[in-house]
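Asks: from the sequence below, what's the structure:
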Amino acid sequence: MRTINRIILHCTATPRGRHVTVSDIDRWHKARGSSGIGYHYVIYLDGSIHEGRPLERIGAHCQGYNATSIGIAYVGGLESDGKTPADTRTDAQKTALRNLIGMLQERFPDVTIHGHREFAAKACPCFDVLGL
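Replies: Numbers count the residues shown, from 1 in each chain. Just a heads-up that it's a prediction; the model follows:
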């Protein structure tokens, strides 16, 4: 297993309430030249957690940090207009994210939690990760 020292949180940059699947994201990432979905986990609107890229594989979600991080994305991140960044997480997504992070912290006790915006000029994940 590779060394993991960060969990980096993302949003899918899709409008509030729009259902997006792992297959959709996989298709988008392939269209941009990736070998497939870059996130290790995706949290759907209903709070269900879906595996994207296996943890054993290096992610493709945060340039310069992929080799030693886990990428988690929640579906959403934009207001209904499709342009304005917003914390669109449902209560179910918030609970699922906390639970997933807790599980990963048990497995990788030294990980730190970050928002994508700490490493890129983006609003992503559109909420303050310190206030999980």
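Asks: and the helices in the protein, which stretches?
Replies: Applying DSSP state H to the chain gives helices spanning 22-31, 91-107.
Asks: now these in JSON lines, with mean neighbour count, distance to I58 and mean pLDDT?
Replies: For the C-beta atoms, the positions are set from N, CA and C on the backbone; glycine is no exception. Formatted as JSON lines, the helices of the chain follow (neighbours: other Cβ atoms under 10 Å; distance: least, Cβ to Cβ, whole Å; pLDDT from 0 to 100):
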{"stretch": "helix 22-31", "mean neighbour count": "15", "distance to I58": "14", "mean pLDDT": "97"}
{"stretch": "helix 91-107", "mean neighbour count": "15", "distance to I58": "16", "mean pLDDT": "98"}
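Asks: which one is the residue nearest to the spatial centre of the chain nearest to, not counting chain neighbours?
Replies: The C-alpha lying nearest the average C-alpha coordinate of the chain belongs to A73 (Cα atoms, centre = their mean; 1.9 Å). The shortest distance from A73 to any non-neighbouring residue, by Cβ to Cβ, 6 or more residues apart in numbering, is to H10 (4.1 Å).
Asks: is the residue nearest to the centre of the chain in a bridge, and if so with what?
Replies: According to DSSP bridges, H10, V42 are recorded as the beta-bridge partners of A73.
Asks: again, but for T14
Replies: For T14, the residues forming beta bridges with it (DSSP bridges) are G77.
Asks: for the residue of the chain positioned farthest from its centre, give me its contacts.
Replies: Relative to the centre of the chain, the most outlying C-alpha is that of D81, 21.2 Å out, by Cα atoms, centre = their mean. Counting by Cβ atoms under 8 Å, 6 or more residues apart in numbering, D81 makes contact with P15.
Asks: i'd like the first residue to be 30 from this point on
Replies: Okay, using 30 as the starting number, the last item reads as D110.
Asks: what's the separation between it and I54?
Replies: For D110, the distance to I54 (Cβ to Cβ, to the nearest Å) stands at 21 Å.
Asks: then I101?
Replies: Distance check for I101 against I54: by Cβ to Cβ, it reads 12 Å.
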